[in-house]
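Visitor: make a model of this:
(one chain, ligands or ions: 1)
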Amino acid sequence: MMESAALEHWLRDLNLPAWQYYEEVGSTNDIALAWLDQGAPDGALVVAGHQTQGRGRLGRTWITVPEAGLAFTLIVRPNAQLPFPVERLTALGALAVAQAFKVGFGVDAHIKWPNDVLIDKRKVCGILVELAWQEEQLQGAVVGIGINVGRAAVPPAEGLHYPAISLEEVLGHPINRWDVLRRVLEAFFAWRHRLTSPEFMIAWEDHLAFRGEWVQASDGHNPPLIGRVKGLSPEGHLRLRLEDGTEYRLNAGEIRPLAAPFAGSSGGEDA
Ligand SMILES: O=C(O)CCCC[C@@H]1SC[C@@H]2NC(=O)N[C@@H]21
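Guide: Numbering: from 1, shown residues only. Here you go, the predicted structure:
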C-alpha cells in the first residue's frame, strides 16, 4: 500500500480538520509554519516519511531515519472555543507521547523538562514548539514531534547529545509507526481541550523525569546549577532544591541527570 493510503487508514476515525503527508521534506515544522500562514485550521497535521533538515531546540539537528523515525507537526491556533496557553504546548506534546506509549504499548515514559520524552532515562522523543507572529500579533504555534519508533532511528552513540532509545527496542518487536502517530494524536486532542485544567498540571508533574534525583540545570545565562527535581511551579517552571536548601525555578534551558547512565551520549539528535 502507498504510505499516504496507509496513513489515511490509520487517521480516518480521528476527524482531523486537515492533514498533509510528504514522503520527504526539509522540516515538517517549516511546512506547518507556511501552512499556518496560509490559514491552516487549528489541529491541522503535517506528517513526513523522511526529513532532511529536521531541527531540535537550541540549534540542534534532529535526524529522522526513513521508516524508523516518526516526524510530524501539529498546528495550534488561538480559537474562540479553546484555551491557548503557549507556555504549555511543549508539555502538551510530551504528555501526549508519554500517554500514548502507556495506553497503546504498555510502556512507561517520562518527561525530561521541558521537551524530551524518556524511556529508561534515554531519549525516545523530542518536541519543538515554534511560534508564528504577524507583526505584534501571535497567529499560532506549531508543535513538532520526533519519535524514535524503529531501532534504526537511533543513531550511533558517538556525537549524540544524550543517550537515545527506540520504542521497538523497548518492546522487543516491530510496530507500525502510524499506529504510534494515531495514539499520540488521540492523547494530544484530548488534552488540547483541557490544557488549562488542574488535571493537566497534575498529569504533567506525574510524568516528570528525575523526580527527587540530582540534576545539573542550565538556563543559558547563569553557570549550571545542581539541584534535586522537586516538581513544577503553577507556571510550569521546574522546581529544583539546591544544595544549600533553597528553591530555584528554572524557566528556560534544560537539565541532565548528574549520574548519567551513559557518559556524553540523545534521541535522534546531534550534539
Ligand atoms: O529534541 C529536540 O530538541 C526537539 C526535536 C524535535 C524534532 C521534531 S521532528 C518533527 C518536527 N520537525 C522538525 O524539524 N523538528 C520537529
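Visitor: which parts of this structure sit against the ligand?
Guide: Counting by CB under 6 Å from any ligand atom, the positions of the chain adjacent to the ligand are 27-29, 51, 54-57, 60, 62, 71-73, 115-116, 126-128, 144-146, 269. C-beta: built from backbone N, CA, C; applies to glycine.
Visitor: now do the SS call for the residue in the stretch 51-200 of the chain that the ligand sits nearest to.
Guide: Of the stretch 51-200 of the chain, the residue with the smallest distance to the ligand, taken as CB to the nearest ligand atom, is residue 126 at 2.1 Å. Here residue 126 is recorded as strand under DSSP: H, G, I helix; E, B strand; the rest coil.
Visitor: strands of the protein, start to end?
Guide: 19-25, 45-51, 69-76, 110-112, 116-119, 122-134, 137-148, 214-218, 225-232, 238-242, 247-250, 254-257 (DSSP state E).
Visitor: tell me which of those lies nearest to residue 207.
Guide: Residue 207 lies closest to strand 110-112 among the strands of the chain, at 4.8 Å (CB to CB).
Visitor: who are the packing partners of that closest one?
Guide: helix 89-105, strand 116-119 (3 or more CB pairs under 8 Å, 6 or more residues apart in numbering; DSSP states H and E).
Visitor: what comes into contact with it?
Guide: By CB atoms under 8 Å, 6 or more residues apart in numbering, the residues outside strand 110-112 that reach it are 91, 94-95, 98, 117-119, 123, 204, 207-210, 254-255.
Visitor: might one say that residue 6 is in contact with residue 178?
Guide: Yes: counting by CB atoms under 8 Å, residue 6 touches residue 178, with 6.0 Å between them.
Visitor: any idea how far residue 205 is from the ligand?
Guide: Per CB to the nearest ligand atom, to the nearest Å, residue 205 is found 21 Å from the ligand.
Visitor: pick out the lowest-pLDDT one from the contacts of strand 110-112.
Guide: Checking pLDDT across those, the minimum falls on residue 254 at 93.
Visitor: count of neighbours near that residue?
Guide: 21 (other CB atoms under 10 Å).
Visitor: now do residue 38
Guide: By other CB under 10 Å, neighbour count at residue 38 equals 6.
Visitor: okay, now the unreliable bits of the protein?
Guide: Scanning the chain for pLDDT under 70 picks out 1, 259-271.
Visitor: if I pick residue 72, what's in contact with it?
Guide: 28, 45-48, 144-145, 181.
Visitor: ok, now residue 109?
Guide: Contacts of residue 109 (CB under 8 Å, 6+ apart): 97-98, 101-102, 117-119, 124-125, 207.
Visitor: roughly how far apart are it and residue 194?
Guide: 20 Å (CB to CB, to the nearest Å).
Visitor: next: residue 248.
Guide: 29 Å.
Visitor: one more: residue 116?
Guide: 23 Å.
Visitor: now do residue 213
Guide: 29 Å.
Visitor: what about residue 247, neighbour count?
Guide: Neighbours around residue 247, by other CB under 10 Å: 11.
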